[in-house]
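S.K.: quick check, what structure comes out for this input:
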Amino acid sequence: MMSLDSITLYLVATMVAALLGAMMVFFGRQENSPALKWWGTAYLLGAVSVALWTAAGDRLGPHLYLALNAVGFVACGMVWNAARVFHGRKPNWPGLVLGALAWVAAVTLLAPEASMLRMIVGAGIVSVYAALTASELWTERRKSMQRRWPAFVMPVMHGCALMLPIVLGSFLRPHDATFSSSIWVTMFAVELVLYAVGTVFVIFMLVSERTVTAHRTAASTDPLTGMLNRRGFSEACSRVIEREAKAGRPVTVMIFDIDHFKSINDRFGHPAGDEMLRLFSTVVVSNLRISDLSGRIGGEEFAALLPCSLEEGVLVAERVREAFETSGVVVDEGPVDTTVSIGVAGGPAGTELEVLLASADTALYQAKRGGRNRVEAAEELPLSLENWRRQSAARPGAPQARPATA
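M.R.: All right, here's what the predicted structure looks like:
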């Protein structure tokens, strides 16, 4: 009766694995996801291998029996490689078949009566692949690991479930043949079903998280320059300002406006204008630190936020201006002037982003009015936007502040 129950459990496990594998292959093609195709194919291969082994294991010849087991180990290698592909790494082709080759060597070299040792070797190979899969996922722990912990725990638990009964059977009850023939087989069949379902849940969780992240990134990124757009820049700056405020450190904002950009489009065409925007974005990123933020907030307007004092920000702005001026752009019609006007504004810890942007915009207006291709620094700022507007309204001829967010 126990043998019949074990066979039934194995058949259920293979049917579940085959269904889930087909589903992953289908969605992999729909979403053009190589990793899903790898995972789905691994499930299908494993299901076919286990199903044939369970239904006709005793009637198979030794060579076909060995080949079926080898296919099962290849499927385990494919699961590991699917994790590699999912994280942008190339498949490890030698590692894919190494487990199958190790199994074939073990069966060939070990004596026919050493069935328990062969079982230990097989379980060990699957456990190694499970550990490699967990290791591949652990290398991505920097990416939202609080939500990714099931992706690491699942293969680890699978490897432990394989090895623990072997250890118990080898050291605690080495002479009890029924242990390996009944309890271990039944427990592993149940674990196989749970692992198949649980792993697919984790896979779709990872794929869904990546899709959401990709959409969020696309919504906050300027497609032409690859920099943050106005929305992304504003959201990122708010987080940095809050962090710096807790530490009591000042921040500085600068706004860049490429001089005479409309005339560049009119004289040389929009493709040349696009190249000018990409060039300037490269100049800005190259002259900022990795901790600084930058983005494209308008047509030819860019902005940056630096966790530093106003004086340091002015020096950085001047460095960007000089680098852009000497970039030396030449087209068929001749050299193109590459100059930029920059407004810089700094404030004490906790200054609102809207205040910084509005004050930097006023300084930019002054730079343009003063002859362009220059850096202008704003005056000391109040902490709140309401106070800044009150002070700005009291200054005659001051430009109206533009909204800081789209």
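
S.K.: low-confidence ranges, the protein, go.
M.R.: For the chain, residues meeting the criterion pLDDT under 70 lie at 1-6, 56-58, 139-193, 209-218, 330-334, 380-406.

S.K.: do a quick rundown of the strands in it.
M.R.: For the chain, the strands defined by DSSP state E cover 251-258, 293-296, 301-306, 329-331, 334-336, 340-347, 375-377.

S.K.: I'd like these as JSON lines, with mean neighbour count and distance to S234 appended.
M.R.: For glycine as for every other residue, the C-beta is placed from the backbone atoms N, C-alpha and C. Output for the strands of the chain, formatted as JSON lines (neighbours: other C-beta atoms under 10 Å; distance: least, C-beta to C-beta, whole Å):
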{"stretch": "strand 251-258", "mean neighbour count": "27", "distance to S234": "11"}
{"stretch": "strand 293-296", "mean neighbour count": "23", "distance to S234": "8"}
{"stretch": "strand 301-306", "mean neighbour count": "25", "distance to S234": "9"}
{"stretch": "strand 329-331", "mean neighbour count": "12", "distance to S234": "30"}
{"stretch": "strand 334-336", "mean neighbour count": "11", "distance to S234": "31"}
{"stretch": "strand 340-347", "mean neighbour count": "26", "distance to S234": "15"}
{"stretch": "strand 375-377", "mean neighbour count": "22", "distance to S234": "22"}
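
S.K.: tabulate these in JSON lines, adding columns for distance to V285.
M.R.: Output for the strands of the chain, formatted as JSON lines (distance: least, C-beta to C-beta, whole Å):
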{"stretch": "strand 251-258", "distance to V285": "12"}
{"stretch": "strand 293-296", "distance to V285": "6"}
{"stretch": "strand 301-306", "distance to V285": "9"}
{"stretch": "strand 329-331", "distance to V285": "17"}
{"stretch": "strand 334-336", "distance to V285": "21"}
{"stretch": "strand 340-347", "distance to V285": "14"}
{"stretch": "strand 375-377", "distance to V285": "18"}
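
S.K.: so for stretch 256-273, what gets flagged as buried?
M.R.: By 16 or more other C-beta atoms under 10 Å, the buried positions in stretch 256-273 come out as 256-259, 261, 264-265, 268, 272-273.

S.K.: ok, now stretch 105-122?
M.R.: Neighbour-count burial for stretch 105-122 flags 106-107, 118-122 (criterion: 16+ other C-beta under 10 Å).

S.K.: swap in stretch 84-101?
M.R.: Buried residues in stretch 84-101, counted by 16+ other C-beta under 10 Å: 84-86, 91, 96, 98-100.

S.K.: and the furthest pair within those residues?
M.R.: Across the buried residues of stretch 84-101, no pair lies farther apart than F86 and A100, at 22.2 Å, counting by C-beta to C-beta.

S.K.: and the strands of the chain: which comes nearest L137?
M.R.: The nearest among these, by C-beta to C-beta, is strand 293-296 at 30.0 Å.

S.K.: elements contacting that closest one?
M.R.: helix 230-247, helix 270-287, strand 301-306 (3 or more C-beta pairs under 8 Å, 6 or more residues apart in numbering; DSSP states H and E).

S.K.: switch to 10 Å and redo it
M.R.: helix 230-247, strand 251-258, helix 270-287, strand 301-306 (3 or more C-beta pairs under 10 Å, 6 or more residues apart in numbering; DSSP states H and E).

S.K.: out of those, the one nearest G350 is which?
M.R.: Using C-beta to C-beta, those put helix 230-247 closest to G350, at 4.1 Å.

S.K.: please save the CA atoms from the closest one in PDB.
M.R.: The C-alpha coordinates for helix 230-247 follow below in PDB (Å, rounded to 0.1, in the frame of the first residue of the first chain):
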ATOM      1  CA  ARG A 230      11.600  65.600 -13.900                       C
ATOM      2  CA  ARG A 231       9.400  63.200 -11.900                       C
ATOM      3  CA  GLY A 232      12.300  60.800 -11.200                       C
ATOM      4  CA  PHE A 233      14.600  63.600 -10.300                       C
ATOM      5  CA  SER A 234      12.100  65.200  -7.900                       C
ATOM      6  CA  GLU A 235      11.400  61.900  -6.100                       C
ATOM      7  CA  ALA A 236      15.100  61.000  -5.800                       C
ATOM      8  CA  CYS A 237      16.000  64.500  -4.500                       C
ATOM      9  CA  SER A 238      13.300  64.300  -1.900                       C
ATOM     10  CA  ARG A 239      14.800  61.200  -0.500                       C
ATOM     11  CA  VAL A 240      18.300  62.600  -0.500                       C
ATOM     12  CA  ILE A 241      17.200  65.900   1.200                       C
ATOM     13  CA  GLU A 242      15.400  63.900   3.900                       C
ATOM     14  CA  ARG A 243      18.500  61.800   4.500                       C
ATOM     15  CA  GLU A 244      20.800  64.800   4.600                       C
ATOM     16  CA  ALA A 245      18.400  66.700   6.900                       C
ATOM     17  CA  LYS A 246      18.600  63.900   9.500                       C
ATOM     18  CA  ALA A 247      22.400  64.300   9.400                       C
END
